[in-house]
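Asks: Provided below are the primary sequence and the corresponding predicted coordinates.
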Amino acid sequence: MTSRRRAATAAVALSCGAALLAGAASTGAVAAADDPDGEGDLAGKSAQQIADTALHELLAAQSLRLRTRTTGEPTQLDLTLDRAGNCAGTISKGPLGRIEIIKRGTQVWLKPDATFWKSQLPGSEGTTAADKYKDTYLHGTTKGDAILQSLADACDLKAFQKSATSHGKSSSATPSPSRTPSPTATATLTKGRPTTLEGTPVLPVVKKANGAVQTVYVAINGKHYPRKLTAEVDHETGTILLSNYDTPVSAKTPAPGDTVDISSVKELQEGQEEPNA
C-alpha cells in the first residue's frame, strides 16, 4: 500500500519535533527579555526555565494533536495520538495524495484518496484502484504487515516523548528541515516577546547556533505546554503545531462493511517500483 519511505518520513517528522524542543531545553546560555509585560507567571523565569517547563509538560501529556509542515518536503501530518499508540488523522504527500489513518492497538485502517492511488500505480491500474476502493478503508494489523508496523511509529506519543529526552542528551539530534549544527559555546537561548497562536497567548523561546534558529512557543496561561516548534536552517523551515493536550483519541473505527483486508490490494503493487518521495 503506502511506501516504506512515506512511513519513515512520518516517524522522522515526530522525532524532529521532539528533538527541537529538547535542543532548546539543553542549551546553557540564558538571556531574559527586557519587557515582561504579558508574560504572566513566566515573567520571572529565564528562557532556560521556560524551556524546561515546556518539556516537562510535553512529557506528562497523555495525548495531543500534532501537525507538521516543512518547506523542502511536501509530507504533512495531522494526527491525534496518545501514549498507548492509538491515533487518528491524515498523512498528506501534497500532489501525490493523502491518506486517512486510524489506529487502535495493533489494528490499522487506511483510506487513500484517488490522487494517492494514481500516484502509486501507473496508468489504468491507479485509476482502477481509485474507483474500486473509493470510500473504502484498507484494514490490517501491525503484527502482520511491515509497512503498517512502520506507520505505527508515527502514531506513538510515547515514542515522541522518549525522543525528546534522548535527543536532549545527544548532539546527533536532527531538529531541523535538513541538518543540525553541532552544539557550540556560542549558542544563545533567549525569550522573545509574547504573541498569539491560534487564539492562545504564547511566549517564544529562541535558540540560535551556527546559523540555525530554533523556536519553541510556550503557552503563557494555564499549563505551559509547547504549542509550536520551528526550525530554520539553510533557508528551509520546519514547523510542528501541538494542541488538544490530553484530549482522547477517538475510539471510533470503520464499520466492517466499509473495509477490505489490506492483503486484497497487494497484487496491485507487484512489479511496481516505489514512487520517489
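Replies: Yep, it's here.
Asks: tell me the SS of W109?
Replies: strand (DSSP: H, G, I helix; E, B strand; the rest coil).
Asks: Model confidence for it, exactly?
Replies: Looking at W109, its pLDDT is 95.
Asks: how many other residues sit next to it?
Replies: The local packing of W109 (other Cβ atoms under 10 Å) involves 21 other residues. Just so you know, the C-beta spots here come from the backbone N, C-alpha and C atoms, and that holds for glycine as well.
Asks: remind me which residues of the stretch 51-200 of the chain are low pLDDT?
Replies: 166-187 (pLDDT under 70).
Asks: where exactly do the helices run in it?
Replies: Along the stretch 51-200 of the chain, counting by DSSP state H, counting those that start in this stretch, helices occupy 114-120, 123-132, 146-154, 157-167.
Asks: For the longest one, buried residues please.
Replies: So that's helix 157-167. Neighbour-count burial for helix 157-167 flags L157, A159, F160, Q161, S163, A164, H167 (criterion: 16 or more other Cβ atoms under 10 Å).
Asks: Columns distance to P204 on top of those, output as CSV?
Replies: Formatted as CSV, these follow (distance: Cβ to Cβ, whole Å):
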residue, distance to P204
L157, 24
A159, 27
F160, 21
Q161, 22
S163, 22
A164, 18
H167, 20
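Asks: biggest separation within the residues you listed, which pair?
Replies: Pairwise distances across those (Cβ to Cβ) peak at 15.5 Å, for the pair L157 and H167.
Asks: if I pick K143, what's in contact with it?
Replies: T106, Q149 (Cβ atoms under 8 Å, 6 or more residues apart in numbering).
Asks: switch the cut-off to 7 Å
Replies: T106 (Cβ atoms under 7 Å, 6 or more residues apart in numbering).
Asks: cool, G140 as well?
Replies: V108, L148, D261, I262.
Asks: And those residues, which is closest to A114?
Replies: I262 (17.9 Å).
Asks: Quick check on that closest one: phi, psi?
Replies: Backbone torsions of I262, given as degrees, to the nearest 10, read phi -60, psi -30.
Asks: Ok, Y245 next?
Replies: Torsion angles, degrees, to the nearest 10, at Y245: phi -60, psi 130.
Asks: thought it was touching H224?
Replies: No. Counting by Cβ atoms under 7 Å, H224 is not a contact partner of Y245; they are 11.0 Å apart.
Asks: out of the two, which sits in the more crowded spot?
Replies: H224 (24 against 19).
Asks: Am I right that the more buried one is in a helix?
Replies: No. Secondary structure of H224 (three-state DSSP): coil, not part of a helix.
Asks: ok, it touching V216?
Replies: No. Assessed by Cβ under 7 Å, H224 is found out of contact with V216, at 10.4 Å.
Asks: hey, what's in contact with both of these two?
Replies: With Cβ under 7 Å, 6+ apart as the test, H224 and V216 both reach A54.
Asks: Pull out the buried residues from stretch 224-235.
Replies: H224, Y225, P226, R227, K228, L229, T230, A231, E232, V233.
Asks: follow-up on the earlier one: show me how to select, in PyMOL, the buried members of the contacts of G140.
Replies: PyMOL command restricting those to the buried ones, with burial defined by 16+ other Cβ under 10 Å:
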select buried, resi 108+148+262
